[in-house]
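> missing the sequence, but the structure's below:
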Ligand SMILES: C[C@](O)(C(=O)O)[C@H](CC(=O)O)C(=O)O
Ligand SMILES: [Mg+2]
């Protein structure tokens, strides 16, 4: 009922334990709090909050238009409804290193388990697009150091993402990742690697946990979880997958309603009312107050 009963620190420690376990932690990108409930129920180890999804749900491109307050607010709404650790995309940290510092503190306050900061300049873009510009390595080092210093809960997990692979090449990306680890990053997110060999090279070169980004229509292959686990990766994100699935279903649904003048043929593909109520835990609220659930549902609803 209502929100998770776990504390932010407990969720952060669970994430750290998962990272130390050597197992692959699978984190689908929740598109809203309700989908985060499903992510937990489906047996995943964590929830991801994607910047691409957060901007897309505001009908905006992923170019750094969303503000820290918007991101912390939405990510906090998502983190609050799940016992799983939630990892959020904090883009470039919203400005100067001092902004990155404030970003970490607001995300801590919002109950996130961790965040990632990337080495792009603003306006940033999706890491799988061409034409990215990245900061000099020492500027990103300052960004990471500021974030590390600002952190008040030592359990909060700070991930540094490098977008250098498609800009400066694999070796430069690895060199940057090493510098970010020296600056205090707990986890490295190598963005837009091209093939398994590059995933392997990154693993061999970096001593801290690594994130694999399995975004669709990107530069790299969609590797299976078993493959990523055997490559030694620690977290896999499916950042925009649920949004793409939902939007595909919405587009198709709108087409049918417009063409047929009814949604009746779509009903069997819909989540039922009772399933929705189950996810919302109506019965928990009824236990609390018997007046909440005084209706019965029609058969099949
Ligand atoms: C992971 C990512 O940063 C995101 O915002 O979800 C994006 C995903 C995408 O646009 O496909 C990324 O830059 O890879
Ligand atoms: Mg992003």
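That came through, no problem. Just so we're clear, the structure is a prediction, and the values are computed from it rather than from any experiment. Residues are numbered from 1 along each chain as shown. Ligands and ions are numbered 1, 2, ... in the order given.
> all strands for the chain, in order.
Per DSSP state E, the chain carries strands over the ranges 25-28, 47-49, 86-89, 114-118, 157-162, 187-190, 211-213, 235-238.
> just give the nearest non-adjacent residue to the closest residue to ligand 2 within the chain, would you?
Nearest residue of the chain to ligand 2, counting by CB to the ion: residue 51, 3.3 Å away. (Each C-beta comes from the backbone N, C-alpha and C, glycine too.) The shortest distance from residue 51 to any non-neighbouring residue, by CB to CB, 6 or more residues apart in numbering, is to residue 89 (3.9 Å).
> ok, the one you found touching residue 240?
No. Using CB atoms under 8 Å as the test, residue 89 is too far from residue 240 to be in contact (10.7 Å).
> so what's in contact with those two at the same time?
Taking CB atoms under 8 Å, 6 or more residues apart in numbering as the contact rule, residue 89 and residue 240 both touch 50, 52.
> related to what we said a few turns ago, got the contact list for the residue of the chain closest to ligand 2?
Residue 51 sits next to 62, 66, 71, 89, 90, 91 when contact means CB under 8 Å, 6+ apart.
> ok, now which ones touch the residue nearest in space to the middle of the chain?
Nearest residue to the geometric centre of the chain (CA atoms, centre = their mean): residue 48, 2.3 Å. By CB under 8 Å, 6+ apart, residue 48 lies in contact with 27, 28, 29, 30, 86, 87, 88, 89, 237, 238, 239.
> who does the first one form a beta bridge with?
Residue 27 has these beta-bridge partners by DSSP bridges: residue 237.
> these two touch, right, residue 133 and residue 120?
Yes. Counting by CB under 8 Å, residue 133 touches residue 120, with 6.8 Å between them.
> these two: which has the busier surroundings?
Between residue 133 and residue 120, counted using other CB atoms under 10 Å, the more crowded position is residue 120 (24 against 12).
> is it true that that one touches residue 135?
Yes. Under the criterion of CB under 8 Å, residue 120 makes contact with residue 135 at 7.1 Å.
> picking up where we left off before, so which of the contacts of residue 51 is the closest to ligand 1?
Comparing those against ligand 1 with CB to the nearest ligand atom picks out residue 89 as the nearest, at 4.7 Å.
> count of residues packed around that closest one?
Residues near residue 89, counting by other CB under 10 Å, number 25.
> quickly list what it is bridged to.
In this entry, residue 89 is beta-bridged to residue 116, by DSSP bridges.
> run through the residues that contact it.
Applying CB under 8 Å, 6+ apart to residue 89 gives the contacts 48, 49, 50, 51, 52, 54, 71, 115, 116, 239.
> got a pLDDT number for the last one?
Turning to residue 239, the model gives it a pLDDT of 98.
> how near is it to residue 217?
From residue 239 across to residue 217, the span is 12 Å (CB to CB, to the nearest Å).
> compare those two (neighbour count), which wins?
residue 239 (23 against 9).
> wait, that one sits on residue 55?
No. Here residue 239 lies out of contact with residue 55, judged by CB under 8 Å, at a distance of 11.9 Å.
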